[in-house]
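# No letters, just coordinates:
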């Protein structure tokens, strides 16, 4: 009987995991992924935000991005979790909590996180959250730490002109 209960519990967990992951694909962020993200959006404004489920300030920033996606339906937001693919359920739960289902989502897939960070930006040493504003005409601006919603909204509005 215990064996059947154990199997039923495992089946339920796998079913739940499949349902959560089916709602939003977590792409594997490895070498070359940053260039792939940038190339796919050449000449268009977008935001790339790096975060982690264990980051103190990331939750507040993700909540803000959820509000901004609702307010600005055309906002192109890419979220990159610096966690690992093994944290997929936690990542999915955080994304769902903050209504980030429209964002493109990646997760670090290389055990050498330093190498990935260096490829993204040689000036980035791992502090989170880390946000990159890719403007259509103004280039890229990086911000470490919590950012203010008013600042992000001003950037979005400049991009819409």
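On my side now, so go ahead. Computed from a prediction, not measured in an experiment: that's the story for all the values here. Numbers count the residues shown, from 1 in each chain.

# Residues in a beta bridge with residue 106, which ones?
Applying DSSP bridges to residue 106 gives these bridge partners: residue 27, residue 80.

# Remind me what the host helix or strand of residue 34 packs against, helices and strands.
When secondary structure is defined by DSSP states H and E, residue 34 falls within helix 33-39. Packing contacts for helix 33-39, counted by 3 or more C-beta pairs under 8 Å, 6 or more residues apart in numbering; DSSP states H and E, involve strand 104-108, helix 113-120. Where you see a C-beta, it was placed from the backbone N, CA and C, and this is true even at glycine.

# and residue 71, which of the ones you listed is closest to it?
Residue 71 sits nearest to strand 104-108 of all those, at 18.3 Å, using C-beta to C-beta.

# about what we covered before: got the angle for whichever helix or strand comes after the helix holding residue 34 vs strand 104-108?
In the C-terminal direction, the helix or strand that comes right after helix 33-39 (DSSP H and E) is strand 46-51. Here strand 46-51 points in a direction 40 degrees away from that of strand 104-108 (axes from the mean of the first three to the mean of the last three C-alpha atoms, to 10 degrees).

# Quick check: can you name the pairing partners of strand 46-51 and their directions?
Using DSSP bridges, the strands paired with strand 46-51 in its sheet are strand 77-81 (parallel), strand 130-135 (antiparallel).
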